[in-house]
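K.L.:
I'd like to go over a predicted model; first the sequence, then the structure.
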Amino acid sequence: RAMVDKASVMAASMKAKPTKSADVSATGANLKGWTPASWREREALQQPKYEDANELENALNEIKSRPPLVFAGESRDLQEKLANAAAGNAFVLFGGDCAESFKEFKADNVRDTYRVLLQMAVVLMYGSGVPVVKLGRMAGQFAKPRSEDLETIDGVSLPSYRGDNINSCEFTPEARRPDPARLVKAYDQSCATLNLLRAFSGGGYAAMTRVNDWELDFTENTERGRQYADLASRVDAAIDFMAACGIDENHPSMQETSFFTAHEALHLGYEEALTRLDSTTREYYGCSAHFLWCGERTRQPEGAHMEYFRGVSNPIGIKISDKSDGESVVSLVKHLNPDNVPGRITLISRMGAKKLREHLPRLITAIEDAGLNVLWVTDPMHGNTIKTDNGYKTRPFEAVRDEIMAFFEVHEKMGTHPGGVHLEMTGQNVTECTGGTNNVSVADLEKCYLTHCDPRLNASQAIELAFLMAGELQA
Ligand code: PEP
Ligand code: MN
């Protein structure tokens, strides 16, 4: 695959460094009329209907008074890394829960998901020879878009569950009532999660010299576990070799790693409350996470979400599907990134393998013909959700794998870069997606089905995909 030289990427991103004008963002977007609250003048889909406006205002004011979760400079660092991936010189790995929950919030769960992401990154790096940019759907991935406002069970209709930061998933009127206090609780949980992630990343846990110690107990005697252990010992040998050559294994690049957070910026009141003016560039950043994305259901060009996204300088993602037409994707990308800054826009396709083979080429052609810089990422989860006869939402591992393969195939054919993958996964040994080498069956689903929303890959299934992708990146 053609590699674009790093200097030209750097030059392009340097050229696009923030201007000082107050109404122009780093991306060149004309911000006239934009404020962190200007989305309120547009139609905002997928927002909860709170009963008490004062209660909501108090919660949002509380969040406004709290510190930002991330620093704008970190988001700029991420944007450069994403630009590098868009140019084919890195691969991006997004992973984590569909929806974080209050109940499953434990240090061990955060650690296990983090650890699987580290393992996957090693597998991918070893296979591809390029850096892997790690982004967790963590520390803020709470709010969920729903197809229906109401859920009806046995003739009783209640508001749909919209994520733990909004209501609770039990099917009772009290649980389903949107409660603004949950937003503050979600902020606190995000803060604690991020604190742990930062500690793991910088405090020695993620040191490459510990590659053997990341093995998860329950994968020890599985095929995936052995495959990982084998690779880890080769990494170990490479580190010993480097040390013998006099290369310092205590160098920060071997002892620390960078890890970023991402979520769907769905609840605009919450996002607004954490939108802060960066003191170094005088631009606004969404400081609830490093990377924010807009979901398939809320990317209407005139809608409130697009209004919010145009004014924040974070790197942003837009989910696209077979329903997207090339012209409107091009116009959206231009609207959000008028100066064509590399790394600013990630297009995350989610359509299932068959539709991807049919529709992704025309979307790539539209973007290429318009000369736009984007990072292409595959989300092989959301186009492959099915409901079993026993009532479980699941995803067949084979369908997920097939969509990833289709993504690589299409990019190979088009001469563009398959830049990354976006997975719903967990470090816990759940049975939520069927298939994989440990062959979760439909009857197994009930054994350990813990997700609060969509089914996640378990550690072994996630690592299996990492080996598959490493093979593709090597090819
Ligand atoms: C998600 O990522 O959890 C999600 C809801 O995705 P989409 O908007 O693509 O359906
Ligand atoms: Mn989901």
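P.N.:
Yes, it's here. Ligands and ions are numbered 1, 2, ... in the order given.

K.L.:
Run a quick neighbour tally on L45.
P.N.:
As a burial measure, L45 scores 15 neighbours (other CB atoms under 10 Å). Using the backbone N, CA and C atoms, a C-beta is placed for each residue, glycine as well.

K.L.:
Which phi and psi values does the closest residue to it other than its chain neighbours adopt?
P.N.:
Leaving aside its sequence neighbours, L45 sits nearest to T298 (CB to CB, 6 or more residues apart in numbering; 5.2 Å). As for T298, its main-chain torsions (degrees, to the nearest 10) stand at phi -130, psi 20.

K.L.:
Okay, now stretch 205-223: how far is its last residue from its first?
P.N.:
Criterion CA to CA, to the nearest Å; first-to-last residue distance in stretch 205-223 is 25 Å.

K.L.:
before we move on, what about stretch 422-438?
P.N.:
This stretch, stretch 422-438, spans 22 Å end to end (CA to CA).

K.L.:
Tell me which residues touch the residue in the stretch 251-400 of the chain positioned nearest to ligand 1, please.
P.N.:
For the stretch 251-400 of the chain, the residue closest to ligand 1 is G295, as judged by CB to the nearest ligand atom, at 2.9 Å. Residues near G295 by CB atoms under 8 Å, 6 or more residues apart in numbering: Q46, P145, E264, L266, K319.

K.L.:
quick one, what contacts E358?
P.N.:
Counting by CB under 8 Å, 6+ apart, E358 has contacts D322.

K.L.:
what does the strand or helix carrying T261 contact?
P.N.:
Assigned by DSSP states H and E, T261 belongs to strand 259-264. Identification of contacts with strand 259-264 by CB under 8 Å, 6+ apart yields 69-70, 74, 78, 94, 114, 117, 133-143, 145, 194, 197-198, 200-201, 206, 288-295, 317.

K.L.:
In which helix or strand does the nearest residue to R234 once chain neighbours are set aside reside?
P.N.:
Distances taken as CB to CB, 6+ apart put Y126 closest to R234, at 7.2 Å, once the chain neighbours are dropped. Element membership for Y126, per DSSP H and E: helix 107-128.

K.L.:
which parts of that helix are buried?
P.N.:
Of all the residues in helix 107-128, those buried under the rule 16 or more other CB atoms under 10 Å are 109-110, 112-128.

K.L.:
Check which helices and strands it is in contact with.
P.N.:
The contact analysis (3 or more CB pairs under 8 Å, 6 or more residues apart in numbering; DSSP states H and E) places helix 107-128 against strand 91-96, strand 132-137, helix 181-202, helix 223-244, helix 459-474.

K.L.:
Need the contact partners of the second one.
P.N.:
Translated: strand 132-137. 78, 81-82, 84-85, 90-98, 100, 113-114, 117-118, 120-121, 124-125, 197, 257-263, 290-291, 420, 424.

K.L.:
coming back round to it: from the contacts of G295, pick out the ones that also neighbour ligand 1.
P.N.:
Near ligand 1, judged by CB under 6 Å from any ligand atom, the entries from these are P145, E264, K319.

K.L.:
now, which of these sits nearest W39?
P.N.:
Ranked by distance to W39 (CB to CB), these are led by E264 at 14.8 Å.

K.L.:
And that closest one, how close does it get to R310?
P.N.:
Distance of E264 to R310, given as CB to CB, to the nearest Å: 17 Å.

K.L.:
When these two are compared, which one has more neighbours?
P.N.:
Between E264 and R310, counting by other CB under 10 Å, E264 is the more crowded of the two (27 against 21).

K.L.:
so which helix or strand takes in the residue in the stretch 251-400 of the chain that ligand 2 sits nearest to?
P.N.:
In the stretch 251-400 of the chain, the residue that lies nearest ligand 2 is H382 (5.9 Å; CB to the ion). Using DSSP H and E, H382 is not contained in any helix or strand.

K.L.:
for it, what are its contacts?
P.N.:
With contact taken as CB under 8 Å, 6+ apart, H382 is in contact with E296, K319, R350, D454.
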